[in-house]
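Novice: Sequence first, then the predicted structure, then my questions.
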Amino acid sequence: MIRPKKSLKSQLTLGFLVPFVTFSLVLCLFFVNLLNTILDDHVLSQFNQRLQENGSTLAQSLPSTEVEDAIQNPEESGPLLQAYLDDFMKEHEGIEYVYVLTRQNNQDYIVALNGSDEFMQESPFTPEQEEAFTQGRTVLSSIYTDQWGTHKSFFKPVEGTDAIVGVDMDASFIDSLQQKAVLYPLLFLILSVLIGTGSAIWLGSRISAPIKRLAGFTQDIADGNLRNPIRLNREDEIGMLATGFESMRQQLNTIIQNVYEKAEDLSESGNTLFASFQELTEASDQIASVTQTEAMGAEDRSRHLESLTKLMREMAEAVEQMNQETRQIKEMATETSHLSQSGSEQVNIISKQIQSIKHNGQISQENLSDLNSKLARISEIVELIRNVSSQTNLLSLNASIEAARAGEAGKGFAVVAQEIQKLAQQTATSAQDITATVEEINEQTNKVLALNETNVEDVMKGVELIENSGQLFTRIFSSVEDLEMRSESIVTNSRLVSDASGEALTAIQEISVISEQGTAIIQEIAATAQQQHQVVGNAQHQSGKLREVAHTLQNMVSKFETLQETELASESEREKQI
């Protein structure tokens, strides 16, 4: 399962928390600045004003003679100065300490302090006290903390004396306000961060949880599980997204199921087509064997016709010689008798050969008829191939349409459908080539049938001529006994025999030409059968590829578990339980 480098929940949390914390920090700084401004402009200024008023009043009202007396004679005049300071404390609220400071012989002293019975006590000047004493002007200190608390002091010289008065007022409440001015905004910032963090986490969880569920559903779909429906009871954009995913799952489930079913149909069609091509290959082998046998028979017939032509030529020469030697018939009667007997035997041989040619012609006629019927069977098988190719092309087109509807998820199936369509088109083209070849073979076979019928007719004529020649030789043999008495008849018959021999020779030559043509046609049939065998082999190879494509397609969709498979499995379990 894919793990994101940065989850949506953390992105949403940070996206909400960072602006919220930034705003809270800015607001906190604003409050701190505002409170400090209020403290400085109002509280602290009023406190300073009051402190200055008390210090100035003390410095102006304090008798200079009492101060000098207390410095010179602290034991006697010191209590009077202390009493004055105590009375001043009672009249003015908020004052912590009032005292008089002086420097004698480079030593710093506290001349008198309210509430204290000690006078002229050494006490080093602070920087503010040093400034007020040496420069002779009023000095207001900052808020400071010592062992007696938090204070703010005012120092002013006493006119006519070598001393300064100091007034301390309690400034702890100002320090407390300043601390609170920092603490409260800081607490507000911390509380805002906590509230913002909680709100951001809650908001991120509420938004990311359904999206995470959708991511889980999509991962299940990517893993091939199409059985689980996608249900999110929301009416916002995430609910619309879940509805779209559910619609996509249902459509993808339907597409996968259809592709699986079509792949099974395609596999069955491929098996049927492969078996048909196997039968067609066997038929082509049988045609090639028959044509080869017929070609061998045609060659034998051609050799016999050559022998017959040679014999007929020899017979014509003998008849011509007989015509020339008619005057010497008496002397050569015995020789003529032998020659006529030999001619009769040769005629019998020729008659037998002609009968063999006739028989071979009938066999050729039967083989050609059988070839014609097998060609018709081939045409039927090719038509079946074309139908299967057309159905495959239509199925691949439907698969392409369904893959296009599926969008990006269906691109892989569109490529497979296009490859199937190409194979179907190649199969259709091969089927057309086979059809054209079969039609050409059928046309040549019809021509061979017509020529073979003509050949048979010519052979029948040859038989008749040979029978006539036999009759003539019989007459010659009979006439030899009465040769002397019928010499004139022998001459006439000799001429008839010569003419008949010429006609027979011409007929045999024509039969030889026809036989050569038949041999050429048979060889052409054999070549066509061989070409057909190659075409069928290629088609069978394409059929095997088609089966491989079907198996590949089945393997591709087999990893998807569809809802229909789940229902079938449930029905099977119920049947087993029953």
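Specialist: Sure thing, it's come through.

Novice: Does the residue nearest to Ile221 when sequence neighbours are not counted belong to a helix, a strand or coil?
Specialist: Distances taken as C-beta to C-beta, 6 or more residues apart in numbering place Arg249 nearest to Ile221, at 6.1 Å, with adjacent residues excluded. Heads up, the C-betas are built off the backbone N, CA and C, glycines and all. Here Arg249 is recorded as helix under DSSP: H, G, I helix; E, B strand; the rest coil.

Novice: count of neighbours near Arg249?
Specialist: Arg249: 21 surrounding residues under other C-beta atoms under 10 Å.

Novice: gap between it and Val158?
Specialist: 97 Å (C-beta to C-beta, to the nearest Å).

Novice: With Ile95 instead?
Specialist: From Ile95 to Val158 the distance is 17 Å (C-beta to C-beta).

Novice: related to what we said a few turns ago, surely the residue nearest to Ile221 meets Asn225?
Specialist: No: in this structure, Arg249 is not within contact of Asn225 by C-beta atoms under 8 Å, at 9.8 Å.

Novice: Can you identify each of the strands in this structure by residue range?
Specialist: 95-104, 107-113, 121-122, 139-140, 144-146, 149-157, 163-170 (DSSP state E).

Novice: ranking the ones you listed by burial, who's on top?
Specialist: The highest mean neighbour count among the strands of the chain, using mean count of other C-beta atoms under 10 Å, belongs to strand 163-170: a mean of 24.

Novice: partners of that one in the sheet?
Specialist: Paired strands of strand 163-170, with direction, are strand 95-104 (antiparallel), strand 149-157 (antiparallel) (DSSP bridges).

Novice: on that earlier part again, the strands of the chain: lowest mean pLDDT?
Specialist: With a mean of 78, strand 144-146 has the lowest mean pLDDT of those.

Novice: From the contact counts, what lies against that strand?
Specialist: strand 149-157 (3 or more C-beta pairs under 8 Å, 6 or more residues apart in numbering; DSSP states H and E).

Novice: what's in contact with the strand it packs on?
Specialist: Under the criterion C-beta atoms under 8 Å, 6 or more residues apart in numbering, residues 47-48, 51-52, 54-56, 58-59, 96-97, 101, 128-129, 131-133, 136-145, 163-172, 174-175 lie in contact with strand 149-157.

Novice: One more pass at 6 Å, please.
Specialist: For strand 149-157, the external contacting residues (C-beta atoms under 6 Å, 6 or more residues apart in numbering) are 51-52, 55, 59, 128-129, 132, 136, 138-141, 143, 164-169, 171-172, 175.

Novice: Ala428 - nearest residue in space that isn't next to it in sequence?
Specialist: Closest to Ala428 by C-beta to C-beta, 6+ apart is Ser389, at 4.1 Å.

Novice: Was I right to think that neighbour contacts Gln426?
Specialist: No: in this structure Ser389 lies outside contact range of Gln426 using C-beta atoms under 6 Å: 8.6 Å.

Novice: what's the spacing between Asn271 and Ala200?
Specialist: 63 Å.

Novice: Which one's more surrounded, the two?
Specialist: Ala200 (22 against 14).

Novice: mind giving me the domain split of the protein?
Specialist: 8-196, 248-577 (automatic domain parsing).
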